[in-house]
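K.L.:
below: sequence and its predicted model.
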Amino acid sequence: MRKTTLIACGLAASLLGIGAAASQEGAAQGDTSKMRIALTDGFSSNSWEQSAWNSRNAVADQAVKDGVIKEQKIITGNDDPVQQITQLQNLVLEGFNAIAIDAASPTALNGGIKDACDAGIVVVVYDSLATEPCAIKLKVDYHDYGVQETEYLAKKLGGKGNILEIRGVAGSQVDIDISAGINDTLKKYPDLKKVGTVYGNWDGTITQKQVGTILPTLPQVDGVVGQGGDGFGAYQAFKAAGRQIPTIVMGNRQDELALWKEMKANGYETYSISSMPGMSTIAFWIAQQVLAGKKVPNTVNVPLLAIHDDTLDAWLAATAVGTAASPHYTKDDAVALMDASAAGKSGSDLPQPKVPQ
């Protein structure tokens, strides 16, 4: 999977300044030891979200231990925007100074976000974006995610073949953007035909069931594009149906990477791409830095993580079972992204994910 960042009006707006020109280089050193930072995640515990929670907890718990902040908290909305709205309202009432949000809907939380902004709370919306305009974005180019994986298949298949699209959680901005990137790119290749679409919810078990259901209605499938968390389930569905295994673009989950390594020994070729669960820690550090007095740009760009043959072994070794590949972001790493974004950098010009050693 994965998101955009909004920083609140009122107090937060005065901290932010206006636009990239008002940003400053380096970390702010203001005292945040009495501050409390929460996270509400609108999605259930798929491997990407679990990795995001693990990363966020490790960083935020250490920040509490080190006296950087007073308290941190994580709650999940279980794919239910209504539940997440209630969570957001409760966090505002509990008096948290900053709230990070992985939004279950691009619009449903806007009223609650605006209320938090008006209360002077720093709001950071990451991964799956909300559209409330009261401040800045932590932005991954999910449209480019779809473009990159479709271009890979177009090159590998010589611009000709049948494609199955596996989508994510219906209605989320991540799903909308990745699918748009896939379908916009397919228009360039008239002989690369999409023959089916299913929703896998970024979950291998759901994907296997949905792909297994549609496969009897499909002709030969030459390539599969997805959104992460669906590669292993897609493989299992094709295998169970006795169908030829197509080129499946993987999504950086440990089971996908392990499957790729196993099949690679027999000549199977693919690559893997996804957003990074560690962006939850970037959202944490943005909130902390705004509370500390740093002026940040209205949009902080975050790169995608692409894994190729030559980096597969390193990323697989560094990715625990049940999680997704992601670098660990320190405060300095997050500040480097803030400053690069302030300088107008994006995509390949950003500081890139470090390959594990």
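P.N.:
That came through, no problem.

K.L.:
residue 215 belongs to a strand, doesn't it?
P.N.:
No: counting by DSSP: H, G, I helix; E, B strand; the rest coil, residue 215 is not part of a strand but helix.

K.L.:
quick one, helices of the stretch 251-357 of the chain?
P.N.:
254-264, 279-291, 309-317, 331-342 (DSSP state H, counting those that start in this stretch).

K.L.:
pull out the buried positions in the last one.
P.N.:
Right, the one you point to is helix 331-342. 331, 333-342 (16 or more other CB atoms under 10 Å). Quick note: C-beta positions are derived from backbone N, CA and C, even for glycine.

K.L.:
rewinding a little: pick the most buried one from the helices of the stretch 251-357 of the chain.
P.N.:
helix 279-291 (a mean of 28; mean count of other CB atoms under 10 Å).

K.L.:
could you dump the helices of the stretch 251-357 of the chain into JSON lines with mean pLDDT added?
P.N.:
Listed next are the helices of the stretch 251-357 of the chain as JSON lines, based on pLDDT from 0 to 100:
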{"stretch": "helix 254-264", "mean pLDDT": "97"}
{"stretch": "helix 279-291", "mean pLDDT": "95"}
{"stretch": "helix 309-317", "mean pLDDT": "97"}
{"stretch": "helix 331-342", "mean pLDDT": "95"}
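
K.L.:
could I get those helices as CSV with distance to residue 181?
P.N.:
Listed next are the helices of the stretch 251-357 of the chain as CSV, based on distance: least, CB to CB, whole Å:
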stretch, distance to residue 181
helix 254-264, 19
helix 279-291, 18
helix 309-317, 23
helix 331-342, 21
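
K.L.:
what's the closest of those helices to residue 91?
P.N.:
helix 279-291 (12.4 Å; CB to CB).

K.L.:
pull the longest helix from the protein.
P.N.:
helix 47-65 (DSSP state H).

K.L.:
what are the pairing partners of the helix or strand following that helix, and which direction each?
P.N.:
The helix or strand immediately downstream of helix 47-65 is strand 71-76, counting by DSSP states H and E. Its sheet considered, strand 71-76 pairs with strand 36-41 (parallel) by DSSP bridges.

K.L.:
and the strand it pairs with with helix 47-65, angle?
P.N.:
Angle, strand 36-41 to helix 47-65, by axes from the mean of the first three to the mean of the last three CA atoms, to 10 degrees: 170 degrees.

K.L.:
about what we covered before: and which of the buried residues of helix 331-342 is nearest residue 307?
P.N.:
Nearest member of the buried residues of helix 331-342 to residue 307, counting by CB to CB, is residue 333, at 18.9 Å.

K.L.:
against residue 108, how distant is that closest one?
P.N.:
32 Å (CB to CB, to the nearest Å).

K.L.:
please apply the same query to residue 293.
P.N.:
32 Å.

K.L.:
which of the two has more residues huddled nearby?
P.N.:
residue 108 (17 against 13; other CB atoms under 10 Å).

K.L.:
leaving out sequence neighbours, find the closest residue to the more buried one.
P.N.:
residue 81 (3.9 Å; CB to CB, 6 or more residues apart in numbering).

K.L.:
what about this protein, any weak spots by pLDDT?
P.N.:
When residues are selected by pLDDT under 70, those of the chain lie in 1-24, 135.

K.L.:
give the contact list for residue 205.
P.N.:
Residues near residue 205 by CB atoms under 8 Å, 6 or more residues apart in numbering: residue 233.

K.L.:
before we move on, what SS does it have?
P.N.:
Strictly by three-state DSSP, residue 205 counts as helix.

K.L.:
how about the helices in the stretch 1-150 of the chain?
P.N.:
11-16, 47-65, 81-93, 110-118, 142-156.

K.L.:
as TSV, those helices with distance to residue 319 and mean neighbour count would be great.
P.N.:
Output for the helices of the stretch 1-150 of the chain, formatted as TSV (distance: least, CB to CB, whole Å; neighbours: other CB atoms under 10 Å):
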stretch	distance to residue 319	mean neighbour count
helix 11-16	35	19
helix 47-65	8	20
helix 81-93	28	18
helix 110-118	32	20
helix 142-156	19	21
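
K.L.:
for the stretch 151-300 of the chain, what spans make up the strands?
P.N.:
161-167, 192-199, 223-225, 247-248, 272-274, 299-302 (DSSP state E, counting those that start in this stretch).

K.L.:
look up how far residue 170 lies from residue 176.
P.N.:
Relative to residue 170, and taking CB to CB, residue 176 is found at 9 Å.

K.L.:
so which of those two has more stuff around it?
P.N.:
Neighbour tally, residue 176 and residue 170, criterion other CB under 10 Å: the higher count belongs to residue 176, 18 against 10.
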